[in-house]
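1. dropping the sequence and predicted coords here.
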Amino acid sequence: MNALLATVRRDLLLALRRKSEVLTAVFFFVIVTSLFPLGIGPEPVLLKKIAPGILWVAALLATLLGLPRLFAADHVDGTLEQMVLSPSPLGLLVAGKILAHWLLCGLPLVLLAPVLGLQFDLDASALVILTLALLLGTPLLSLIGAIGAALTLGVRGGGVLLALLVLPLYIPALIFGAGAVEAHIAGLGAGGHLSLLAAMLALAVFFAPWATTAALRIALE
Amino acid sequence: MHWNSVAEFFAMGGYALYVWGSFGACALLMIAEPLLARRRLSEVRRSLIRERLADELELQQKSQ
Amino acid sequence: MRQSVIHWFRFASPQSFYPLAGRMIPWFWAATAAFGIAGLWISFFVAPTDAQQGEGYRIIFIHVPASWMSMFLYLVMAFWAGLGLALNTRLSGMMAQALAPTGALMAALSLWTGALWGKPMWGAWWVWDARLTSELLLLFLYLGFMALQAAIDDPRRADKAGAILALVGVVNIPIIYFSVKWWNTLHQGSTINLTKAPSMAQTMLWGMLLMALCFWMYSIAVALTRVRAIILERERHTEWVKHALE
């Protein structure tokens, strides 16, 4: 457990030295969501209807932005090989890196989403549901994305390839995440959607670090 | 057998575009794919045979 | 005991599989032709005109088999990929790689025929029906697998990375399918119903089965041809390849 926390602390420290990389994803999220009303028109009813989908797609793409760097820097300077050789299990260290990625790329989006939701005229209870759904969904995105990042590590054209591999796997998260807010607005209750998101998160917490570890070992062979 | 004429068969009860569009695309792709696969195989073969000939020539020159 | 194990694994080496595949391919082509002729005969001359959809429904005879094969081939591909990861056999990865383009072709055919069927029946080339959407995502999964394998130069690493991707995809396919289905019912209600006429005629089922068998045999024949090419490409520096080309 200490190894996990140490990895998280290290990645956070490294990221704080290069703030621009973290801020890029956040700015991207803000700008993309603000572009949609400009492209579609300022009609409140329509904007309210499409808000959950837009916020979720933007969050998806913003998470994707940070993924290629998840293992790349450690791969280049040889830290990753040291991790593979270290006595603490690789799965734990990988879980730490994924957690750090979520804290840097996922959590800011969750915190920003209610503010951006105001742009789309969502009411307070819908904003709560949106934040909850993103809170459950963004770790899921980081976990699935880590598998793709490990598979494309050091591969030419890695960034684009990563998007091609990971985006189809993001679809259930998108459907239930955006669906939770829509169901709430429609008065159907978001409980079912949120529990399914939580179930997928539990599944991913269990399997994704394991698959990522396997992919990393292959990449380093 | 419920087609009275060849023309009726090809007209497909007014759905000719859709039915023949589907079956035609299917036939086209299923003819093209094996041909491409076979070409890939014969290209590897040819290059391997050329490689072997080159090796043999080299051996002959060395022995002379 | 040991003897039989060795015998079973004998064909797992590319060296002995290469000539075996060459001998099997003509037989699979013959089966493809036989099932194809029988299936097409039923599709066009035996199956009656549909009461609601007229002759347009005949697309079903390639649409449904193509969809079946696209899903089935993904499972087979993942099976070979997983086997290669578990047992570290060289041939398994080559089989997975050989199957992917055929699977993608089947998915593309299923989408194309689905669009051509949708236009006269629903009045739109594309509807966000659960099955069509899942099929599109399946095509993306195939393309991702092929792109990943093409991007990695070392074939051993490409095989293993592809295997992990294929296995992750297999875990995800049911989740994707059910989420898309749920999304679909939530948004569209039941305005569009893809299900066929309630009592599908026996002859229609036979036609679909025969065409599915034809597509299956076709897939095997093409995949075997492709796997032979892959074997030669990867083993080109070995001694046996030089003698195999007499």
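-> Alright, I've got the coordinates.
2. how about the residues of chain C near chain B?
-> C:44-45, C:48-49, C:54-56, C:58-59, C:62-63, C:66, C:101-102, C:105, C:108-109, C:112-113, C:116-117, C:119-120, C:218, C:221-222, C:225-226, C:228-229, C:232-233, C:236, C:241-242, C:245 (Cβ under 8 Å from any Cβ of the partner chain). For every residue, glycine as well, the C-beta is placed using N, CA and C.
3. give me the buried subset of those.
-> Among the residues of chain C next to chain B, those classed as buried by 16 or more other Cβ atoms under 10 Å in any protein chain shown are C:44, C:54-56, C:58-59, C:62-63, C:66, C:101-102, C:105, C:108-109, C:112-113, C:116-117, C:119-120, C:218, C:221-222, C:225-226, C:228-229, C:232-233, C:241.
4. how much space between residue A:65 and residue A:163?
-> Distance, residue A:65 to residue A:163, using Cβ to Cβ, to the nearest Å: 10 Å.
5. ok, these two, which is more surrounded?
-> Per other Cβ atoms under 10 Å in any protein chain shown, whichever of residue A:65 and residue A:163 has more neighbours is residue A:163, with 21 against 18.
6. please read off the pLDDT at residue 18 from the model.
-> Since no chain was named, I'll use chain A. Residue A:18 is assigned 79 on the pLDDT scale.
7. hmm, no, I was thinking of chain B.
-> Looking at residue B:18, its pLDDT reads 88.
8. is it true that it lies in a helix?
-> Yes. Assessed with DSSP: H, G, I helix; E, B strand; the rest coil, residue B:18 lies in a helix.
9. that one and residue C:57 touch, don't they?
-> No. In terms of Cβ atoms under 8 Å, residue B:18 does not count as a neighbour of residue C:57; the distance is 10.0 Å.
10. joint contacts of those two?
-> Shared between the contact lists of residue B:18 and residue C:57 (criterion: Cβ atoms under 8 Å, 6 or more residues apart in numbering or on different chains) are residues residue C:117.
11. buried ones in the one helix or strand residue A:126 maps to?
-> In the assignment (DSSP states H and E), residue A:126 maps to helix A:124-151. Using 16+ other Cβ under 10 Å as the burial criterion, the residues of helix A:124-151 that qualify are A:126-151.
12. just the mean pLDDT for whatever helix or strand comes next after it, thanks.
-> Moving toward the C-terminus from helix A:124-151, the next helix or strand (DSSP H and E) is helix A:158-185. Averaging pLDDT along helix A:158-185 gives 89.
13. can you give me the helices for chain A?
-> With helices called from DSSP state H, chain A shows them at A:2-17, A:19-40, A:44-66, A:69-76, A:79-85, A:90-101, A:107-119, A:124-151, A:158-185, A:191-220.
14. and these: which comes nearest chain B?
-> helix A:158-185 (22.1 Å; Cβ to the nearest Cβ).
15. that closest one packs against which elements?
-> Judged by 3 or more Cβ pairs under 8 Å, 6 or more residues apart in numbering or on different chains; DSSP states H and E, helix A:158-185 is in contact with helix A:44-66, helix A:124-151, helix A:191-220, helix C:130-151, helix C:155-188.
16. okay, angle between the third one and helix A:158-185 too, please.
-> When you say that, I think you mean helix A:191-220. Put simply, helix A:191-220 runs at 170 degrees to helix A:158-185, going by axes from the mean of the first three to the mean of the last three Cα atoms, to 10 degrees.
17. so helix A:191-220, near chain C or not?
-> Yes. Judged by Cβ under 8 Å from any Cβ, helix A:191-220 comes into contact with chain C at A:200, A:207, A:211, A:214-215, A:218-219.
18. show me where pLDDT drops low in chain C?
-> Low-confidence segments of chain C (pLDDT under 70): C:1-11, C:185-200, C:246.
19. how deep is residue A:86 tucked in, by neighbour count?
-> Number of residues near residue A:86 (other Cβ under 10 Å) recorded here: 12.
20. repeat for the one 3 residues further on
-> Counted by other Cβ under 10 Å, the residues lying close to residue A:89 total 13.
21. mind checking pLDDT for it?
-> On pLDDT, residue A:89 comes in at 85.
22. how close does it get to chain B?
-> Distance of residue A:89 to chain B, given as Cβ to the nearest Cβ, to the nearest Å: 43 Å.
23. can you pull the phi/psi pair for that residue?
-> Phi and psi for residue A:89, reported as degrees, to the nearest 10, are phi -60, psi 140.
24. where's it relative to residue A:95, distance?
-> Between residue A:89 and residue A:95 the distance is 9 Å, computed by Cβ to Cβ.
25. look up how far residue A:55 lies from residue C:43.
-> Using Cβ to Cβ, we find residue C:43 at a distance of 48 Å from residue A:55.
26. hmm, I was thinking of residue C:56
-> From residue C:56 across to residue A:55, the span is 41 Å (Cβ to Cβ).
27. check residue A:29 too.
-> Distance from residue A:29 to residue A:55, by Cβ to Cβ: 9 Å.
28. quick one: which of these two has more around it?
-> The residue with more neighbours, out of residue A:29 and residue A:55, is residue A:55; 29 against 24, by other Cβ under 10 Å.
29. list the contacts of stretch A:182-199.
-> Residues outside stretch A:182-199 that contact it (Cβ under 8 Å, 6+ apart): A:48, A:52-53, A:122, A:125-126, A:129, A:132-133, A:136-137, A:140, A:173, A:176-177, A:179-181, C:186.
30. er, stretch C:42-56 I mean
-> B:1-3, B:9, B:12-15, B:18-19, C:57-58, C:61, C:117, C:120-121, C:197, C:201, C:203-204, C:206-207, C:210-211.
31. which of the residues you listed fall in helices?
-> B:9, B:18-19, C:61, C:117, C:120-121, C:203-204, C:206-207, C:210-211.
32. can you say which of those residues are buried?
-> The neighbour count (16+ other Cβ under 10 Å) marks B:18-19, C:61, C:117, C:120-121, C:204, C:206-207, C:210-211 as buried among the ones in helices among the contacts of stretch C:42-56.
33. identify, from these, the entry nearest to residue A:100.
-> Distance to residue A:100, by Cβ to Cβ, is smallest for residue C:117 among these, at 48.9 Å.
34. so who does the closest residue to residue C:183 other than its chain neighbours touch?
-> Nearest residue to residue C:183 in three dimensions, chain neighbours excluded: residue A:175, at 4.5 Å (Cβ to Cβ, 6 or more residues apart in numbering or on different chains). By Cβ under 8 Å, 6+ apart, the contact set of residue A:175 is C:179-180, C:182-183.
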